[in-house]
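In: Got a sequence here, can you build the structure:
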Amino acid sequence: MPADSTGLDPEISKRLTRDERGLFPAITQEFTSGDVLMLGWMDDEALQRTLTTGRVTYYSRSRNSYWRKGDTSGHIQWVREVRFDCDGDTVLVKVDQVGEACHTGKHSCFDDNAVPVVVTPDDQR
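Out: The predicted structure is shown next:
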């Protein structure tokens, strides 16, 4: 089957559910540790670039342009695996992270933002 105008395989494309702008969230996870590093956005073109270059490409909603993680910071994300969730509306990209993933200089965008929560003890579950 021929690829669409972005080059994305139609079999992959038809599995995706996009928002009104043609975007879907991409959760980035460190392959070895399992740490969730960040959430970015992709469209078909960004996914195609990610699948074919070995580096993660996102779509910036604020700049309306593509950006490849690490091009300016040196904090490269090398793709190890890509998965879709059950609805096809979110992509999980597992990576080998070089340097920090967060623009604040932290390893993960989720490092400093824990919220207090009640945890049910194991014996009460």
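In: okay, which residue is most central for the chain?
Out: Ala26 (3.0 Å; C-alpha atoms, centre = their mean).
In: Show me what it is bridged to.
Out: Gly40, Val91 (DSSP bridges).
In: can I assume it is in contact with Leu39?
Out: Yes - counting by C-beta atoms under 8 Å, Ala26 does reach Leu39; the two are 7.1 Å apart. For glycine as for every other residue, the C-beta is placed from the backbone atoms N, C-alpha and C.
In: got the contact list for Asp85?
Out: Contact analysis of Asp85 by C-beta atoms under 8 Å, 6 or more residues apart in numbering lists 91-92.
In: That one and Glu100: what is the separation?
Out: According to C-beta to C-beta, to the nearest Å, Asp85 stands 26 Å off from Glu100.
In: Next: Asp19.
Out: Going from Asp19 to Glu100 by C-beta to C-beta gives 28 Å.
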